[in-house]
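Engineer: please find the sequence and the predicted model below.
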Amino acid sequence: MIKITIPGDISVSLNLLLDLCKTHWSKYYKMSQDTVSLIYYYLKAQKVKPVEKYPVRIKITWYAANKRRDPDNLASSKKFLIDALVKAGVLRNDGWEETSGGFEDNFYIDKLNPRIEISIT
């Protein structure tokens with residue numbers, strides 16, 4: 001099992017992403033690249049080892065600072081998390097062969113320590 005913690009509230013609201021898409025595709029692209037790069041930095045800093053056995057199951061626990069964003073908006077950042085896992089070499093790819101073990105999302109409030117915890121089994 002691999003456990004990863006991404007500190008802070010880095011999730012991007014789906015509503016914001018949709019608004020960016022309506023203005024210009026490059027704004028969405030920049031936001032997605034910036035978010036993936038930030039997560040990649042945390043993965044590299046934690047020296048996360050590559051997964052050896054596939055398919056994997058990915059459990060993501062979202063600890064938000066407050067209830068301003070609905071859980072579905074928080075979970076929209078899952079795409080960026082998975083892309084960063086691939087970019088960092090933790091996952092070899094994000095296709096069916098690698099991720100068909102499924103996903104699980106859980107949501108909590110932690111005003112003092114917002115974060116994202118990822119478990120890969």
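Structural biologist: That came in fine, so what should we check first? Numbers count the residues shown, from 1 in each chain.

Engineer: partners of residue 106 in the sheet?
Structural biologist: Here residue 106 sits in beta bridges with residue 61, as judged by DSSP bridges.

Engineer: burial of it, as a residue count?
Structural biologist: A count of nearby residues for residue 106, using other CB atoms under 10 Å, gives 11. Just so you know, the C-beta spots here come from the backbone N, C-alpha and C atoms, and that holds for glycine as well.

Engineer: please apply the same query to residue 50.
Structural biologist: Counted with other CB under 10 Å, residues neighbouring residue 50 total 11.

Engineer: what residue is smack in the middle of this protein?
Structural biologist: The centre of the chain sits closest to residue 81, judged by CA atoms, centre = their mean, with a distance of 2.5 Å.

Engineer: could I get the full set of strands for the chain?
Structural biologist: 2-7, 58-64, 103-109, 115-120 (DSSP state E).

Engineer: which of those strands sits most buried?
Structural biologist: For the strands of the chain, ranked by mean neighbour count under the definition mean count of other CB atoms under 10 Å, the leader is strand 58-64 at a mean of 20.

Engineer: quick revisit: so what's the closest residue to the residue nearest to the centre of the chain other than its chain neighbours up against?
Structural biologist: In space, and not counting its chain neighbours, residue 81 is closest to residue 39: 6.0 Å by CB to CB, 6 or more residues apart in numbering. Residue 39 is in contact with 6, 10, 80-81, 84, counting by CB atoms under 8 Å, 6 or more residues apart in numbering.

Engineer: ok, longest helix in the protein?
Structural biologist: Ordering each helix of the chain by length in residues (DSSP state H) puts helix 25-45 first.
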